[in-house]
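Student: Could you work out the structure for the sequence below:
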Amino acid sequence: MVAWPIAEVARMSGVTARTLRHYSEIGLLRPAWIGANGHRHYAEDELLRLRQILVLRELGLGLREIGEILSSQADRLEALRQLTPMAAADFTATGAACVANEQWRAAYERIAAGLAAYQRDAITAYAEIRLP
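Tutor: Numbering: from 1, shown residues only. Reported below is the predicted structural model:
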């Protein structure tokens, strides 16, 4: 498993190591593993979750709200899929909204250049592979 130390994650994400430790303490973002020396390491899943946290923070949500959203996100997506099957075209349109919506695009771009387009392309690829 590829994992990055807390200092590298802090540098890449633009948040401090102290912030990452705080996120861990409140259960928002746990490291993938903690070494015998106490150093925290983050794998890809944690980096993706951190990206979600940072986007939601940019949109003005508090940490409690972000925790609630992220903890129930999977359940909500599954419930929505069961209620209304989503066609690939509709799902792709959702991805396009990441770039078309100025507020969302600006939030993504403040985190990392090209992130909004990456998100859109990832959603499009998922739609092509997984959805009817």
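Student: what's the nearest residue to His41 if we skip its chain neighbours?
Tutor: With Cβ to Cβ, 6 or more residues apart in numbering as the criterion, His41 has its nearest non-adjacent residue at 3.9 Å, and that residue is Ala3. C-betas here are computed from N, CA, C, even on glycine.
Student: ok, and the closest non-adjacent residue to Arg51?
Tutor: Ile111 (6.6 Å).
Student: before we move on, what about Asp121?
Tutor: Leaving out its chain neighbours, the residue that sits closest to Asp121 by Cβ to Cβ, 6+ apart is Gly95, at 7.4 Å.
Student: okay, now that neighbour: neighbour count?
Tutor: When neighbours are counted by other Cβ atoms under 10 Å, Gly95 registers 20.
Student: Checking my notes, it in a helix, right?
Tutor: Yes - counting by DSSP: H, G, I helix; E, B strand; the rest coil, Gly95 is part of a helix.
Student: how close does it get to Gln52?
Tutor: According to Cβ to Cβ, to the nearest Å, Gly95 and Gln52 sit 15 Å apart.
Student: does Ile66 really touch Leu54, like I thought?
Tutor: No - with contact defined as Cβ atoms under 8 Å, Ile66 does not count as touching Leu54 (9.6 Å).
Student: got the contact list for Leu20?
Tutor: By Cβ atoms under 8 Å, 6 or more residues apart in numbering, the contact set of Leu20 is 6, 9-10, 29, 31, 40, 42, 50.
Student: Just the element for it, please.
Tutor: Per DSSP states H and E: Leu20 is located in helix 17-25.
Student: So what touches the very next helix or strand once past that helix?
Tutor: In the C-terminal direction, the helix or strand that comes right after helix 17-25 (DSSP H and E) is strand 33-34. The contact list for strand 33-34 (Cβ under 8 Å, 6+ apart) reads 3, 40-41.
Student: Strand 33-34 pairs with which strands, parallel or anti?
Tutor: Using DSSP bridges, strand 33-34 pairs in its sheet with strand 40-42 (antiparallel).
Student: Let me know the next secondary structure element after the strand it pairs with.
Tutor: Proceeding N to C from strand 40-42, the next assigned helix or strand is helix 44-58, under DSSP H and E.
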